[in-house]
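> Predicted model and sequence follow; I will ask about them next.
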Amino acid sequence: DTAVSQTPKYLVTQMGNDKSIKCEQNLGHDTMYWYKQDSKKFLKIMFSYNNKELIINETVPNRFSPKSPDKAHLNLHINSLELGDSAVYFCASSQDVWGTGELFFGEGSRLTVL
Amino acid sequence: TQLLEQSPQFLSIQEGENLTVYCNSSSVFSSLQWYRQEPGEGPVLLVTVVTGGEVKKLKRLTFQFGDARKDSSLHITAAQPGDTGLYLCAGRGSSNTGKLIFGQGTTLQVKP
């Protein structure tokens, strides 16, 4: 059983299209995150939800819209894709927002915008 | 804005050599974590350090948190090809959002 699973693993699409990435965790965690890893391997936080409530919203274009239907799921929808959106997107979860909790990451979704 | 600077960014060494990776910031962190990421996978936690001056060992890996909780180091003794990967330090501030700030990463290649 994969603790944090995201789909699809690979996405190739044209500029201007809209795409979604889904994420599910079966760890019973309260907090979920979306991180973007660029071509230089830098991991930057985008969003965080705690018990379905948005708690972190970094400076991300509003073309990116997260949605958490329940605390086990956090999806990411991207409108009007641009070349610069090409990256690997990682979903992660942690027990909660307190303390020194470990982040459990999915395998990543590699998005390529042509 | 809290930033973490990792150095070196790339390291290529022979099996059996020792190495140290540094993670520095001008900000104080309530805790600091080290993750390792292999190609095609997400990062996996190696260790969490919380107390200034704390030292933790994980087999051949030694992690240290600076006294002022602004920096950390990872030392690998007698590196092996299996140690090859991307090493990421990540700091957590004092906010109640759980936000984890990552360094740029150190890509380590250990040649047999």
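Structure's in. What do you need?
> so how many other residues sit close to the residue nearest to B:Phe102 when sequence neighbours are not counted?
In this structure, B:Phe102 finds its nearest non-sequential neighbour in A:Leu43, 4.2 Å apart by Cβ to Cβ, 6 or more residues apart in numbering or on different chains. Heads up, the C-betas are built off the backbone N, CA and C, glycines and all. By the criterion of other Cβ atoms under 10 Å in any protein chain shown, A:Leu43 has 25 neighbours.
> cool, B:Thr107 as well?
Residues near B:Thr107, counting by other Cβ under 10 Å, number 16.
> repeat for B:Leu58
For B:Leu58, the count of nearby residues is 12 (other Cβ under 10 Å).
> Same check on B:Lys111?
Using other Cβ under 10 Å: B:Lys111 sits among 11 other residues.
> Model confidence for the residue nearest to it when sequence neighbours are not counted, exactly?
Nearest non-adjacent residue to B:Lys111, counting by Cβ to Cβ, 6+ apart: B:Gln14, 5.5 Å away. On the pLDDT scale, B:Gln14 is placed at 98.
> tell me the mean pLDDT for stretch B:38-50?
Rounded mean pLDDT across stretch B:38-50 is 95.
> quick one: that stretch to chain centroid distance?
9 Å (Cα atoms, centre = their mean, to the nearest Å).
> re earlier: look up how far B:Lys99 lies from the residue nearest to B:Phe102.
For A:Leu43, the distance to B:Lys99 (Cβ to Cβ, to the nearest Å) stands at 12 Å.
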